[in-house]
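Undergrad: no letters, just coordinates:
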């Protein structure tokens, strides 16, 4: 009988391991699909003459993020207090530890594959870098951007990620960020803000008399599709951060995370649409799209603790904040073509600050410490890298190339060759 019980326990442990590993991988695939969402959103919100270049940026940054996180990022973020460069990759993600414990059903058995953990984490890195892409669109040199991506994904992001998810000082201080409102989204926005400040605004965006000239995107259907893709991918982003599914408690938690994530996005979209209508007397689609994304960013810090109604309110406040922020950044002449700094930075801060209202274990002091630490590190480190790149290779395409479009200047091809470029 004892042998039968041990055998049953081992089989059950193996089943739970398989289920949790499979769930983790599927959630990682959903987050990877967000790369397509960012690509479509940004391609829709830039002018036609810059479409090929923005798409090249998005696929290249994803490949760079995967490679740099494999080489050194994962090791810095998760391996040890010492950290390091060029570790034994096989020891980190190539070998499975605890296999005997899984087979035996031991209490110390891991509940998912270490390879699935790496895959899930690497797509988060790419998401943070994708945020930078849209903010510096239409005037940055492609290879300068990709050079920054190497440093951001291989070093800057893993360092601040270690502080919380790797067991660093923010984790010890009680900083709470369930799926990355700060660690991923605010970090990406901080790097983007540093880049925009060094880069400057697009030609013609701001007039000498203080006027702000709208530069509409070329393909709003594509931008809308990108938003829906991101909305879908966010279920993996937040749902996968529960880490496992194979117990009743975890399954119920995942279901709650999915419901809250969806509710916040809906609240953000509705609030931004209504607020924009009150301000502009028109239904502004781009504000509605950014409102949905703002709701998703806001709930990411804690998609488990609130009720669905509370999540809707959190998302709605994020939707209002993003409209305010986009308008404010324009007034102070910070040119962000897709609203990335507002969506991921300003609303990311809101998401972190609202956590203690629903999670009794979180404190405002710890949340503020996390906000200041992450922003300070990423912004300052990024600023240094941007200035170095500016001095070494230059950041900005020429005024003539900007007028003709980055597609021809940087990629030698157009996304819509059947339409003649007007240079506008």
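TA: Received, thanks. It should be emphasised that the depicted structure is a prediction, and the values quoted were computed from it without experimental measurement. Numbers count the residues shown, from 1 in each chain.
Undergrad: now do the SS call for the closest residue to residue 73 other than its chain neighbours.
TA: Nearest residue to residue 73, sequence neighbours excluded (CB to CB, 6 or more residues apart in numbering): residue 158, at 4.2 Å. Using the backbone N, CA and C atoms, a C-beta is placed for each residue, glycine as well. Secondary structure state of residue 158, per DSSP: H, G, I helix; E, B strand; the rest coil, is helix.
Undergrad: around residue 158, count how many other residues there are.
TA: 24 (other CB atoms under 10 Å).
Undergrad: for it, give its distance to residue 200.
TA: 29 Å (CB to CB, to the nearest Å).
Undergrad: quick one: low-confidence ranges for this protein?
TA: 1-10, 79-112, 420-424 (pLDDT under 70).
Undergrad: how about the strands in it?
TA: For the chain, no strands are identified by DSSP state E.
Undergrad: in it, which helix has the most residues?
TA: Identified as the longest helix of the chain according to DSSP state H is helix 2-45.
Undergrad: which ones are touching the nearest residue to residue 135 once chain neighbours are set aside?
TA: Nearest non-adjacent residue to residue 135, counting by CB to CB, 6+ apart: residue 192, 3.7 Å away. By CB atoms under 8 Å, 6 or more residues apart in numbering, the contact set of residue 192 is 131, 132, 134, 135, 136, 336, 340, 341, 344, 345.
Undergrad: doesn't residue 145 make contact with the fifth one?
TA: In other words, residue 136. Yes. The criterion here is CB atoms under 8 Å, and residue 136 meets it with residue 145 at 6.6 Å.
Undergrad: out of the two, name the residue with the larger neighbour count.
TA: More crowded of residue 136 and residue 145, by other CB under 10 Å: residue 136, with 28 against 23.
Undergrad: now that one. Nearest residue, chain neighbours left out?
TA: residue 195 (4.9 Å).
Undergrad: neighbours around that neighbour, how many?
TA: Residue 195: 26 neighbours (other CB under 10 Å).
Undergrad: look up how far residue 118 lies from it.
TA: Distance of residue 195 to residue 118, computed by CB to CB: 28 Å.
Undergrad: count of neighbours near residue 219?
TA: Residue 219: 19 surrounding residues under other CB under 10 Å.
Undergrad: would you agree it is in contact with residue 43?
TA: Yes. The pair formed by residue 219 and residue 43 meets the contact definition of CB under 8 Å, at 6.7 Å.
Undergrad: count of residues packed around the nearest residue to residue 169 once chain neighbours are set aside?
TA: Nearest non-adjacent residue to residue 169, counting by CB to CB, 6+ apart: residue 163, 5.9 Å away. By other CB under 10 Å, the residues close to residue 163 number 21.
Undergrad: do the same with the one 3 residues further on
TA: Look at residue 166: counted by other CB under 10 Å, it has 20 neighbours.
Undergrad: got the phi and psi for it?
TA: Main-chain torsions, residue 166, degrees, to the nearest 10: phi -90, psi 0.
Undergrad: then the one 10 residues further on?
TA: Dihedral angles phi and psi of residue 176 (degrees, to the nearest 10) take the values phi -120, psi 120.
Undergrad: report how many residues lie close to the nearest residue to it once chain neighbours are set aside.
TA: In space, and not counting its chain neighbours, residue 176 is closest to residue 362: 4.2 Å by CB to CB, 6+ apart. Residue 362: 23 surrounding residues under other CB under 10 Å.
Undergrad: coming back round to it: okay, the residue nearest to residue 169 and residue 76: tell me how far apart.
TA: 11 Å.
Undergrad: over to residue 63?
TA: From residue 63 to residue 76 the distance is 19 Å (CB to CB).
Undergrad: the more surrounded of these two?
TA: Taking neighbours as other CB under 10 Å, residue 63 and residue 76 compare with residue 76 leading, 22 against 12.
Undergrad: my guess is that one contacts residue 155. True?
TA: Yes. Here residue 76 reaches residue 155: they are 7.0 Å apart, a contact under CB under 8 Å.
Undergrad: quickly list what's touching both of those two.
TA: When CB under 8 Å, 6+ apart defines a contact, no residue borders residue 76 and residue 155 alike.
Undergrad: re the thing from before, ok, now which ones touch the residue nearest to residue 169?
TA: Shown in contact with residue 163 (CB under 8 Å, 6+ apart): 169, 170, 171, 175, 373, 374.
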